[in-house]
Structures are given as structure tokens and as C-alpha cells.
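Chemist: take this sequence and fold it.
(chains A and B)
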There are 2 protein chains.
Amino acid sequence: MPNLSRWIDDAADQVATLPGIGKKTALRLVLHLIRKSPEEVAKFAQSILDAKTNIKSCQECHQLSDDDICEICKNPTRNKTSICVVQDIRDVLAVENTGQFNGVYHVLGGLISPMEGVSPSDLHVESLIERVEKNQAQEVILALNATMEGETTSFYLYRKLSPFSVKVSNIARGVAVGGELEYTDEVTLGRSIVHRTPYEMTLKR
Amino acid sequence: MPNLSRWIDDAADQVATLPGIGKKTALRLVLHLIRKSPEEVAKFAQSILDAKTNIKSCQECHQLSDDDICEICKNPTRNKTSICVVQDIRDVLAVENTGQFNGVYHVLGGLISPMEGVSPSDLHVESLIERVEKNQAQEVILALNATMEGETTSFYLYRKLSPFSVKVSNIARGVAVGGELEYTDEVTLGRSIVHRTPYEMTLKR
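Modeler: Got it, this is the predicted structure:
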């Protein structure tokens, strides 16, 4: 691409480091940004700096938080004995959006992946064990991605938690609500048959 | 979406003001950004502020530039009597990438659009007329989008330029190189037949 302006190129290079943003899109975004007023651009840049400076990690569940303890862990109406283990903060938001869970979360910060050099010690596993003991947890729900890394991590956590008197469950895998059997892959459809639920349970929802 | 952190939300709101970036993508980008080191985040924000602060508009062709006159207008090997009129800087880059044009550009800064309240006086039309006179331009190539706004603007410029002894041409509309006739829309295919070119010209390219 011809080099028209050093400043535009620098900014576009920075924006292109974001995931899913290529060189062309980055340039488009930068050209859009510099068309805004200087105050708006300053506000844009400052909001990102503020987020980086002010954000903390919740000491209980490791999700991002404005305080030392996040809103969910602080909330006295949430059931502290039910812990939902997720990969990162976006999964917390996804589960929260369902409105189906009233326990607390535990953010691992990744998944075990020998390929990418992520071992259990890189994840918040020890603090999960501590929490299970401290909260006298009744249940740990593993809500990890249905990928090889997710399944490996689930199995590792299941083994780690087995010495404790805590129920370990996995989120259900099966045909998506509104999904058609014909277009569901065979592994998912197979699991949905193996893990079929009594019809009365379907009525409850 | 549940409100987990004021800082993250503020930054995501700002990022979501960019074109083509929704709330979910914005959150993903912010979460990716804050995982970088403080220095990297500072560099990211500064690059955008720098672009806004330092960028100028070329006094000749109105495209974005580091100096008062852009690299292309400064270049003595470019043919100043051939002016390619485009909508914005991204179109300059697109034409430059073809390597087929050795003249100079004129960035209108938009297209005439009564719907969006853009009139000719909002665009760099007067300065185009001045340049045509000053440079004793031989040719003005209209390289505007093939939309209603683009065609309206082209027609307006054609009328404005007709008193001058300058050739006004339009970029060719037709079947894309590598495109299949079967999948070309009928208006484009129709134009490609009306504006057919002598076969010898095809061989030149």
C-alpha cells in the first residue's frame, strides 16, 4: 500500500494488532477516527488508557472488576456454594445473560494447551481448590468450550476436585435450541442422545 | 449485557462508535487491549492521538498528508495536467495500488447527497475548478462510486467543467476482470456491451 502519511500508517499498524482487524479495516477505522473532533479522539484514547489503568482482577474469582472484589462476588444473594468455572470474562457475560445461574464464577484465565505452552500452573486452578474448601462448595459447574483444550481442562479439574465432597458437573452438550437435527453434526447429535433428559425436565423450562 | 466494570464499559462504548464494530466486538477488542502491557496500551492510544494532532490536509488535492503539500503533489514526475477526482483518501490508495495512473488526485471529501444534506458547496469543487485552470489540465478523470450519489456528483462536475477546454472522462464500468458473465448484473453487463472497446486495446494491457 502506498505510504501517504507516517502518522496514519503508525495508527493503522497499532489498530491492526487487534484480533480480527486487518490492514484495510484498520486504515478505515483510523480515517474514521481522525474525522472526529479533537475532544472526541482524546476521549476515545483516554477511555482505553483508563480501562488499562483502573481495571483490577477480582481477588475471589479473577474476573475483571473495578474493585478488589467484583460485583457478583460481593452480592449477598448469590449462592457462594455453586461455582461456575469459565475460561474468561466474556464467558461470565455469556452465562450471566442467560439469567439461569445464581452462583458465583471462577475465571481460569485460559485453557490447558500443550500446543500453546499453557500448563495448569498458568491458570487459576489452585485458587479454585482453595475456594471450594473455603466456601464449602456443593457444586462446581464446568462451563468450558467443547474443544480439545476445553475437554482436557475439564478432565484435569474433575481429577483435581475428586478428593473433595463436591459435585462436579459439565454444561450440557446437545442440539441447539431452535436447531434442526439434519444440520447438527453427528458427534453433537450422538451426545444429545446419550445424555437424553426425562421429558418432564424439558417441561420445567 | 450485565455491567461488570465501568471502565471496560466506557472503553467498549467508545470502540463501538467505530464503523462496523458492534457492542460484542468492541468488548472483545477492549479485553484484548487491556491484556497488553501498559507501554503497549499507551503506544496504542498515543498513535491515535498523534494521527489526529499531526495530520494535515494537502493544500493542493485535499488528501491527508504529513505536510502542507502531499507526497504525490510534491512529486515532479507526476503529470499535473491529469487530475483524478475521487471521493476520499481510501480511493486514492485504491487507484495508487493499481499502478496505472501517473497524474495527480483531487479528493472531494464526499459525494453530493440531498438525502444526507450534502450539497456541492460542502465538497472541494471550487478548488478543483481553480486547479484545472492553474495547471492547464488536459484531462479530469472522474473515479467516483457507481452509486446514485456518485453518478449525480459526476454529472454535476461534468457540467461545471464543460466551459473549460479539458477532457472529462469517467472510469470504465463493466464486467470485473476474472468475473463471469452469468453472475454479472444486467445493468453492468449492458454497459459493458455499450462501451465495448476495440480488441487491440485489450491486447495492450
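Chemist: low pLDDT regions in chain A?
Modeler: Applying pLDDT under 70 to chain A flags the ranges A:1-4, A:202-205.
Chemist: just to be sure, A:Phe44 is in a helix?
Modeler: Yes. According to DSSP: H, G, I helix; E, B strand; the rest coil, the state of A:Phe44 is that of a helix.
Chemist: check the burial of it by counting its neighbours.
Modeler: Burial of A:Phe44, expressed as a neighbour count using other C-beta atoms under 10 Å in any protein chain shown, amounts to 21. Every residue, glycine included, has its C-beta placed from N, CA and C.
Chemist: what's it in contact with, if anything?
Modeler: Residues near A:Phe44 by C-beta atoms under 8 Å, 6 or more residues apart in numbering or on different chains: A:Leu33, A:Lys36, B:Gln14, B:Val15, B:Thr17, B:Ile48.
Chemist: can you pull out the strands in chain A?
Modeler: Counting by DSSP state E, the segments of chain A that form strands are A:56-57, A:64-65, A:79-86, A:103-107, A:139-142, A:167-170.
Chemist: out of these, nearest to chain B?
Modeler: Closest to chain B of the strands of chain A, according to C-beta to the nearest C-beta: strand A:64-65, at 5.4 Å.
Chemist: and the closest one, which strands flank it?
Modeler: Each strand pairing with strand A:64-65, determined using DSSP bridges, is listed with its direction: strand A:56-57 (antiparallel).
Chemist: quick check on the contacts of A:Phe44: which are buried?
Modeler: Buried residues within the contacts of A:Phe44, defined by neighbour count using 16 or more other C-beta atoms under 10 Å in any protein chain shown: A:Leu33, B:Gln14, B:Val15, B:Ile48.
Chemist: and which of those residues is nearest to B:Asn102?
Modeler: Comparing the buried ones among the contacts of A:Phe44 against B:Asn102 with C-beta to C-beta picks out A:Leu33 as the nearest, at 31.2 Å.
Chemist: quick one on the thing from earlier: any chance of a markdown table for the buried ones among the contacts of A:Phe44, columns distance to B:Pro114?
Modeler: Formatted as a markdown table, the entries for the buried ones among the contacts of A:Phe44 read as follows, by distance: C-beta to C-beta, whole Å:
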| residue | distance to B:Pro114 |
| --- | --- |
| A:Leu33 | 28 |
| B:Gln14 | 32 |
| B:Val15 | 32 |
| B:Ile48 | 34 |
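Chemist: closest one of those to B:Gly178?
Modeler: Of all those, A:Leu33 has the smallest distance to B:Gly178: 33.9 Å, by C-beta to C-beta.
Chemist: now, of the strands of chain A, which is deepest in the fold?
Modeler: Per-stretch averages of neighbours, counted by mean count of other C-beta atoms under 10 Å in any protein chain shown, single out strand A:103-107 among those, with a mean of 24.
Chemist: and that one, what does it pack against?
Modeler: For strand A:103-107, the packing partners by 3 or more C-beta pairs under 8 Å, 6 or more residues apart in numbering or on different chains; DSSP states H and E come out as helix A:71-74, strand A:79-86, helix A:89-98, helix A:126-134.
Chemist: let's have those in CSV, adding distance to chain B.
Modeler: Output for the helices and strands packed on strand A:103-107, formatted as CSV (distance: least, C-beta to the nearest C-beta, whole Å):
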stretch, distance to chain B
helix A:71-74, 7
strand A:79-86, 13
helix A:89-98, 4
helix A:126-134, 19
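Chemist: need the winner for burial among these.
Modeler: Of the helices and strands packed on strand A:103-107, the one with the most neighbours on average (mean count of other C-beta under 10 Å) is strand A:79-86, at a mean of 20.
Chemist: packing partners of that strand?
Modeler: With contacts taken as 3+ C-beta pairs under 8 Å, 6+ apart, strand A:79-86 sits against helix A:89-98, strand A:103-107, helix A:126-134, strand A:139-142.
Chemist: show residues contacting the longest one.
Modeler: When contacts are defined by C-beta under 8 Å, 6+ apart, helix A:89-98 is touched by residues A:63-64, A:72, A:84, A:86, A:101, A:105, A:107, A:143, B:1-2, B:4, B:27-28, B:31.
Chemist: could the helices and strands packed on strand A:79-86 go into a markdown table alongside distance to B:Cys58?
Modeler: Putting the helices and strands packed on strand A:79-86 into a markdown table (distance: least, C-beta to C-beta, whole Å) gives the following:
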| stretch | distance to B:Cys58 |
| --- | --- |
| helix A:89-98 | 43 |
| strand A:103-107 | 50 |
| helix A:126-134 | 57 |
| strand A:139-142 | 59 |
